[in-house]
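A.B. asks: Using only what follows, build the 3D model:
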Amino acid sequence: MPIVRAVAFTIVTTLSCTGQAQPIPVAGTPIAVGQGKPYDLVANCLMRQMAGRQFAAWPLVYAPPRQEALVNLWIRGREHENPIGVFHVVQNADGTTQVSFRGSQDQPGLSPDVIAAAARRCTR
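C.D. replies: Numbering: from 1, shown residues only. Here you go, the predicted model:
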């Protein structure tokens, strides 16, 4: 009987882990470009700028040589669902860092102006 319980626990754990929210694909026109600002610092800045009472944000920073990061954005309390938006941060070989955004911009408090302002602040 203990083996059956262990197998059932493993199956339930595996199913609950695979059901976690995955980042949505990111592509788009850069909304901010900065010179000499590392991509990981920009991603962490975006997380701090966007996280608050209304939204939760979490960065996914890739190790070099990839030099890019994703910052997933959720409505607070719904972090187990798909993100409502994703910032894509890429540092190019010439030292410029580009930020683009893809997702829903019709959420209260998440306007194109708010998104662009956060990206500009973080790439300065």
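A.B. asks: Which residue, other than its chain neighbours, is closest to residue 74?
C.D. replies: Among residues not flanking residue 74 along the chain, residue 56 sits closest, at 4.8 Å (Cβ to Cβ, 6 or more residues apart in numbering). No exception for glycine: its C-beta is placed from N, CA and C like everyone else's.
A.B. asks: What about the one you found, how many residues nearby?
C.D. replies: 18 (other Cβ atoms under 10 Å).
A.B. asks: Surely it forms part of a strand?
C.D. replies: Yes - with DSSP: H, G, I helix; E, B strand; the rest coil as the criterion, residue 56 is part of a strand.
A.B. asks: so it sits right up against residue 81, yeah?
C.D. replies: No - in this structure, residue 56 is not within contact of residue 81 by Cβ atoms under 8 Å, at 11.0 Å.
A.B. asks: any common contacting residues for the two?
C.D. replies: Common neighbours of residue 56 and residue 81, counting by Cβ atoms under 8 Å, 6 or more residues apart in numbering, are residue 74.
A.B. asks: from what I can see residue 55 touches residue 73, true?
C.D. replies: Yes - if you go by Cβ under 8 Å, residue 55 and residue 73 touch, sitting 5.7 Å apart.
A.B. asks: Of those two, which one has the most company?
C.D. replies: Using other Cβ under 10 Å as the criterion, residue 55 and residue 73 rank with residue 73 on top: 24 against 21.
A.B. asks: What values do phi and psi take at the more buried one?
C.D. replies: Torsion angles at residue 73 (phi, psi; degrees, to the nearest 10) stand at phi -130, psi 130.
A.B. asks: ok, back up a step: for the residue nearest to residue 74, which residues are in contact?
C.D. replies: 73, 74, 75, 76, 77, 79.
A.B. asks: Next SSE downstream of the helix or strand bottoming out on mean pLDDT in the chain?
C.D. replies: Using mean pLDDT, DSSP states H and E, the weakest-scoring helix or strand in the chain turns out to be helix 2-18, at a mean of 39. Sequence order places strand 32-35 as the next helix or strand after helix 2-18, per DSSP states H and E.
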